[in-house]
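J.: Sequence and predicted model, in that order:
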Amino acid sequence: MIVDARHALVVDPGDAATVLQACAARNLDLAGILVTHHHHDHVGGIAALCAERALPVWGPADEDIPQRTHAVRGGDAVRVPGIGLEFRVIAVPGHTLGHVAYYAEPAGSDPLLLCGDTLFGAGCGRLFEGTPQQMYASLQKLAALPDATQVFCAHEYTLSNLQFAARVEPGNAELRAWTAACVRRREAGQPTLPGSIGQERRVNPFLRVDAAEVRASLQAQSGRAARDSADAFALLRQWKDEF
């Protein structure tokens, strides 16, 4: 949830009860819902939230989003009443064909990215609908955002993703240091998220498919050299699926 004064904006509400409890505990008025894609764990709570009162629901135009009132596509702007932020919509097909992300630049703080299941801490989403080429292009869009951009992804998969990253690029010293930091966070009961785009560029193998060690690991694993960056991504995603 994103909170501004007495209002809240909820992103990808898979469950209504937790949202309602959080709003009640903090005396917040739910102002709207942002949706990145159609999977049930991202939309399962929308109907119950909208049953309480009519709410604006922004979601990808090319997917079936329950109760959607505003269909969005890449390049659109989203302004939520009561929330002092403007989001830019980024089309990021791959995990699903219509998947979108939302990017904002709050005054006085770092930019933020709501990326659903496209980019994870040290990983990326599975390709349920899109092609490797689509997902590679989508991740390149996100990697081009400012380094300080806070990455709010939808799942805490960071430690398992880091285990895979260490197999792909064992010589990456920043990866080892970040893994140790994330282990300490989890042992203290803290999330590893949000990360940052800059951090992901340094440790996430899916953003590092052109690094020499990544390419060498891919060739050793697959038995062939990648034809280009998108092909390297495809080989890496296949490896991760089987890891």
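T.: Perfect, I can see it now.
J.: List the buried residues for the lowest-mean-pLDDT helix or strand in the chain?
T.: Least confident helix or strand, the chain: strand 2-4 with a mean of 91, by mean pLDDT, DSSP states H and E. For strand 2-4, burial by neighbour count (16 or more other C-beta atoms under 10 Å) applies to residue 2. Every C-beta, even on glycine, is put in place using the N, C-alpha and C of the backbone.
J.: name the helices or strands packed onto that strand?
T.: On a contact count with 3 or more C-beta pairs under 8 Å, 6 or more residues apart in numbering; DSSP states H and E, strand 2-4 meets strand 7-11.
J.: Just the C-alphas of the strand it packs on, formatted as CSV.
T.: Extracted as CSV, the C-alpha positions of strand 7-11 are listed here (Å, rounded to 0.1, in the frame of the first residue of the first chain):
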residue,chain,number,x,y,z
HIS,A,7,-5.6,7.9,1.8
ALA,A,8,-4.2,4.6,0.6
LEU,A,9,-3.6,3.1,-2.8
VAL,A,10,-3.3,-0.7,-2.9
VAL,A,11,-1.2,-2.6,-5.5
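J.: Which parts of the protein are helices?
T.: Using DSSP state H, the helices found in the chain span residues 16-26, 40-43, 46-52, 132-143, 158-168, 173-187, 197-203, 212-222, 229-242.
J.: Out of the ones you listed, which gets nearest to residue 83?
T.: Residue 83 lies closest, by C-beta to C-beta, to one member of those: helix 16-26, at 13.6 Å.
J.: residues in contact with that closest one?
T.: Contacts of helix 16-26 with the rest of the structure, by C-beta atoms under 8 Å, 6 or more residues apart in numbering, involve 1, 3, 8, 10, 13, 28-30, 44-49, 52.
J.: Tell me how far residue 14 lies from residue 141.
T.: 25 Å (C-beta to C-beta, to the nearest Å).
J.: can you check residue 204 too?
T.: The value you get for residue 204 to residue 141, if C-beta to C-beta is used, is 14 Å.
J.: Between the helices of the chain, which one is closest to residue 62.
T.: Of all these, helix 132-143 sits nearest to residue 62, with 12.8 Å by C-beta to C-beta.
J.: close enough to count as contact, residue 192 and residue 151?
T.: No. Contact criterion C-beta atoms under 8 Å: residue 192 and residue 151 do not qualify, at 10.5 Å.
J.: For residue 228, grab the count of nearby residues.
T.: Counted with other C-beta atoms under 10 Å, the neighbours of residue 228 add up to 12.
J.: How much space separates it from residue 139?
T.: From residue 228 over to residue 139 the distance is 15 Å, taken as C-beta to C-beta.
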